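Undergrad: Got a predicted model here, sequence first, then my questions.
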Amino acid sequence: MTKLSINLNKIALLRNARGMNFPRVLDFAELCVANGTHGLTIHPRPDQRHATYADVTDLTEFCSQYPEIEFNIEGYPTTDFLEVVKSAKPDQCTLVPDAPDQITSDHGWNTKVEIHFLRPIISELKDHGIRTSIFLDPDLGMIDSASETGADRIELYTEEYARSFDSKDNADVLEQYRQTAIAAQNAGLGVNAGHDLNQKNLARFLTIPDVLEVSIGHALTVESLLDGFASTVRSYVSIIQSCNR
């Protein structure tokens, strides 16, 4: 069954814009849980311009009240980031190869090159009981080395799929994702996905078999400005449920 993890970064970004605790991230976490989401994600960056390390603490405590809700912290594995993650002990940590000043994630790990960097980090996280996932492009050539890092899962970076959605190339692009996902599964890796998935393109993507989790934040936040947050969450849950039948 595919699970929906909602990324709350854009709620945190709105809060930070005014320097007050409004909107309150925990209020939206509660709305997510009340309307059927399976997990919560945040991605604190080094400058903490949206999600902060204080949000990690707050959401760790919040999720402890809902054992059925998975907490995923994603980010680049700086020393500070890893110390926060090991202290929080989320269900999952997703490692993303972001530069400090990067606006948003825009590529996956080159696991062939970075395997020796990633392997001890992943081993340490797993020693703390934290499931690990690594952000990956839909590149078959990266699967063997991704498996050799010791990661539990990959998260497919889905912007290329989203950008091609209305083009004649989408079927070929989706097939590339499908082949990469199947190769990862055959190598013993679970498959997550995220980045620019939305209500329009999600169902087609989930024709790929056995995607374990989709992480959605920016699109959901924007759509909720038109349709309301609770209603938008329920719409995503409904899409995923229909794909899981």
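TA: Alright, I've got the coordinates.

Undergrad: and the residue in the chain sticking out farthest from the centre, which of the three is it?
TA: Largest separation from the mean C-alpha position in the chain: residue 168, at 27.3 Å (C-alpha atoms, centre = their mean). The three-state label given to residue 168 by DSSP: H, G, I helix; E, B strand; the rest coil is coil.

Undergrad: What segments of the chain are strands?
TA: Residue ranges of the strands in the chain, as given by DSSP state E, are 3-7, 39-42, 70-75, 92-95, 131-136, 153-157, 190-194, 213-216.

Undergrad: packing partners for the third one?
TA: This points to strand 70-75. strand 3-7, strand 39-42, helix 53-64, helix 79-88, strand 92-95, strand 213-216 (3 or more C-beta pairs under 8 Å, 6 or more residues apart in numbering; DSSP states H and E). Yep, even glycine has a C-beta here, placed from its N, CA and C like the rest.

Undergrad: would you turn these into CSV with mean neighbour count and distance to residue 120?
TA: Output for those, formatted as CSV (neighbours: other C-beta atoms under 10 Å; distance: least, C-beta to C-beta, whole Å):
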stretch, mean neighbour count, distance to residue 120
strand 3-7, 24, 26
strand 39-42, 25, 24
helix 53-64, 17, 22
helix 79-88, 16, 11
strand 92-95, 26, 12
strand 213-216, 26, 25
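
Undergrad: follow-up on the earlier one: what's the distance between the residue farthest from the centre of the chain and residue 214?
TA: As for residue 168, its distance to residue 214 is 25 Å (criterion: C-beta to C-beta, to the nearest Å).

Undergrad: repeat for residue 3
TA: 8 Å.

Undergrad: List the residues that are in contact with both of those two.
TA: Both residue 3 and residue 214 are in contact with residue 240, where contact means C-beta atoms under 8 Å, 6 or more residues apart in numbering.

Undergrad: what's the closest non-adjacent residue to the residue nearest to the spatial centre of the chain?
TA: Nearest residue to the geometric centre of the chain (C-alpha atoms, centre = their mean): residue 215, 4.0 Å. Leaving aside its chain neighbours, residue 215 sits nearest to residue 194 (3.5 Å; criterion: C-beta to C-beta, 6 or more residues apart in numbering).
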